[in-house]
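Chemist: Can you look at this prediction? I've put the sequence above it.
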Amino acid sequence: MTFLGLLLLPLLLSFLSSQALARKFDVGGRDGWVVKPYENYNHWAQRNRFQVNDTLHFKYIEGSDSVLAVKEEDYNSCNTNSPMEKMDDGDSIFHLNNSGPFFFISGNTQNCQNGQKLFIIVMAVRHHNPSPPTPVAPSSEAPSLPPQQIDPFSFSSPVPSPSNEPSSSTRFGGFSTSVGVGVWVILIFTSFIELV
């Protein structure tokens, strides 16, 4: 393997593994982005776990509705006048590029007032080796309680439901088929470099 191949291999593997873990969520499931879905959007969002680099897929009839990414105040009041982003092509993808709350409403104010809105929280990027919580010294005014150790892995959360459509990154036991495909691409690429 050439020197250039050795330099590119870790970079390519890192890229493929980060892309393989991203998920695509179909908002509203089979119903799509409609006024009265089978399951309330926020109930659906609570059942799922959203992470940085995941995408939301909004499917609706082009020309009769739209999706607006808005601030919390506009979400609460169904204000459609100042969206941060407007999607209106009937088949919209929204990329979750950072952690924190995201708010979406219908571009039709009446639809929003009838419940066509979505609030999600994107989980913060976690490292594999979390440090234990830092103990805090008790104040002289408060009674002293025995220290408690919190296991960060003891909390459970629901697993996201996969998209109905075939995905290019189907997971198997924590690994992804995309990584397997990526390894083949790397092998072919390094073989090609050796020939040149």
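Modeler: Arrived safely.
Chemist: all helices of this protein, in order?
Modeler: 3-20, 41-47, 72-77, 109-113, 177-195 (DSSP state H).
Chemist: Low-confidence regions, the protein specifically.
Modeler: Residues of the chain that meet the criterion pLDDT under 70 lie in 1-20, 127-196.
Chemist: 80 - rerun?
Modeler: Low-confidence segments of the chain (pLDDT under 80): 1-21, 125-196.
Chemist: all strands of it, in order?
Modeler: 24-26, 50-51, 55-59, 67-70, 85-87, 91-95, 100-106, 117-123, 171-172, 175-176 (DSSP state E).
Chemist: which secondary structure elements does the fourth one contact?
Modeler: What it means is strand 67-70. strand 85-87, strand 91-95, strand 100-106 (3 or more Cβ pairs under 8 Å, 6 or more residues apart in numbering; DSSP states H and E). The way it works is simple: take the backbone N, C-alpha and C, and place the C-beta from them, glycine included.
Chemist: any idea how far residue 65 is from residue 24?
Modeler: According to Cβ to Cβ, to the nearest Å, residue 65 stands 20 Å off from residue 24.
Chemist: Tell me which of these two has more neighbours.
Modeler: More neighbours surround residue 65 than the other of residue 65 and residue 24, with 19 against 16 (other Cβ atoms under 10 Å).
Chemist: Rebuild the helices and strands packed on strand 67-70 as a markdown table, extending it with mean neighbour count.
Modeler: A markdown table is the format used below for those (neighbours: other Cβ atoms under 10 Å):
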| stretch | mean neighbour count |
| --- | --- |
| strand 85-87 | 15 |
| strand 91-95 | 15 |
| strand 100-106 | 20 |
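Chemist: Select, out of those, the one closest to residue 78.
Modeler: Nearest to residue 78, of all the helices and strands packed on strand 67-70, is strand 100-106, at 6.0 Å by Cβ to Cβ.
Chemist: What helices and strands are in contact with the closest one?
Modeler: strand 67-70, helix 72-77, strand 117-123.
Chemist: Please identify the deepest-packed of those.
Modeler: Ranked by mean neighbour count under mean count of other Cβ atoms under 10 Å, the helices and strands packed on strand 100-106 are led by strand 67-70, which reaches a mean of 24.
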